[in-house]
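>>> Sequence below, structure please.
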Amino acid sequence: MPVHSTALVDAAASVHPEAEVGPYSIVGAEVHIGARTRLMAHVYCEGPTWIGEDNLFYPYSTVGVAGQDLKYKGERAETHIGDRNTIREFVTLHRGTEAGGFRTTIGSDNLLMAYVHVAHDVTISNHCVLSNAATLGGHVVVGDWAWVGASSGVHQFCRIGRHAIVGGYSVITRDVLPFSNTVTEREAKVFGANGTGLERRGFAAEAIEPLQTAFRLLTRAGLNTSQALARIQAEVPETAEVRELLDFIASSQRGFIK
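Below is the predicted model:
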């Protein structure tokens, strides 16, 4: 069993002889680690936790710690992880609570990218992908082959059906149908010039007020872009800032947010 000299493995832990515990990793009591599973470095595991075979944990991932449910008072609860999972940097996996049967479960052949959060009592099935910074609230159930896009948040007790894909930056507050391609609306909108920020950076009112007028014509006057630009050029003083705004619009290759 290759355990780095800087790693700490509790005497009550069970680590397979073919597993690897890398530098500065901590393996607590009642943590069971299967064959060929590798904790690369700085991985923290609390028990009771069962980790299967051929898993790879990247640095700074955290496994089996108490959840953030304020009702949890330290009752014995478990974390179960299958085989051949890849757990990337800074992933947080929390153990179960009484309300969820005292168990958080992750199946096999899953990829959890950096900064993914798996809350208490979550069930992730097999062959799933959770992209960077995806967040699963407590008691979420994710079916086989599901994909959750980057920076998406899934509300407590929601289900994501098999073979579903959730687009990035989605906010999921209800169940996601199996086999669906689901994206919540996330269109960015402009609400005017950044007046407060510009004031803090020393811009005078004579520079900010024309910008506010220009943004009002662009976003709230009911005009199309060509009409708004014509009104700006006709009605708004051409300060250096307004000129920069107009030049930016003219050079846009992808369109701009209104």
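
>>> Quick check on A7: phi, psi?
The phi/psi pair for A7 (degrees, to the nearest 10) reads phi -80, psi 150.

>>> Next up, the contacts around it.
With contacts defined as C-beta atoms under 8 Å, 6 or more residues apart in numbering, A7 is in contact with 21-27, 39. Where you see a C-beta, it was placed from the backbone N, CA and C, and this is true even at glycine.

>>> Q233 now?
Applying C-beta under 8 Å, 6+ apart to Q233 gives the contacts L246.

>>> Next, give me the two most distant ones among the contacts of A7.
Taking C-beta to C-beta as the measure, the contacts of A7 reach their widest spread between P23 and V27, a distance of 12.8 Å.

>>> where does the stretch 1-150 of the chain have low pLDDT?
Scanning the stretch 1-150 of the chain for pLDDT under 70 picks out 1.

>>> Have a look at P23 and V27 and say which one is more surrounded.
Counting neighbours by other C-beta atoms under 10 Å for P23 and for V27 shows that V27 has the greater number, 28 against 15.

>>> In ChimeraX, select just the buried ones from the contacts of A7.
The following ChimeraX line selects those of those that are buried, judged by 16 or more other C-beta atoms under 10 Å:
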select :21,22,24,25,26,27,39
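
>>> Show me which of the contacts of A7 is closest to G52.
Within those, the smallest distance to G52 is 13.5 Å, found for L39 (C-beta to C-beta).

>>> and that closest one, how far is that from E89?
13 Å (C-beta to C-beta, to the nearest Å).

>>> One more: E98?
The gap separating E98 from E89 is 31 Å, by C-beta to C-beta.

>>> Going by neighbour count, which residues of stretch 217-232 are buried?
Buried residues in stretch 217-232, defined by neighbour count with 16+ other C-beta under 10 Å: 217-219, 228-229, 231-232.

>>> Narrow those residues to those in helices?
Using DSSP state H to define helices, the subset of the buried residues of stretch 217-232 located there is 217-219, 228-229, 231-232.

>>> Where is pLDDT lowest across those?
Lowest pLDDT within those is found at T219 (86).

>>> In contact with it, which residues are there?
Contacts for T219 were tallied using C-beta under 8 Å, 6+ apart; they are 189-192, 258.

>>> redo that, cut-off 7 Å
Counting by C-beta atoms under 7 Å, 6 or more residues apart in numbering, T219 touches 190, 258.

>>> all strands for the stretch 101-250 of the chain, in order.
Taking DSSP state E, counting those that start in this stretch as the test, the strands found in the stretch 101-250 of the chain are 103-106, 111-112, 117-118, 123-124, 129-130, 135-136, 141-142, 147-148, 153-154, 159-160, 165-166, 171-172, 181-182.

>>> Can you redo those as CSV, where the extra columns are distance to Y60 and mean neighbour count?
Output for these, formatted as CSV (distance: least, C-beta to C-beta, whole Å; neighbours: other C-beta atoms under 10 Å):
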stretch, distance to Y60, mean neighbour count
strand 103-106, 18, 23
strand 111-112, 13, 22
strand 117-118, 13, 24
strand 123-124, 20, 24
strand 129-130, 17, 22
strand 135-136, 17, 24
strand 141-142, 23, 24
strand 147-148, 21, 25
strand 153-154, 21, 22
strand 159-160, 26, 24
strand 165-166, 25, 22
strand 171-172, 26, 17
strand 181-182, 30, 15
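
>>> so where do the helices sit in the stretch 51-200 of the chain?
Along the stretch 51-200 of the chain, the stretches classed as helices by DSSP state H, counting those that start in this stretch are 195-200.

>>> returning to that earlier point: between the buried residues of stretch 217-232, which is closest to P210?
For P210, the closest of the buried residues of stretch 217-232 turns out to be I232, at 9.0 Å, with distances computed as C-beta to C-beta.

>>> Alright, calling it a day.
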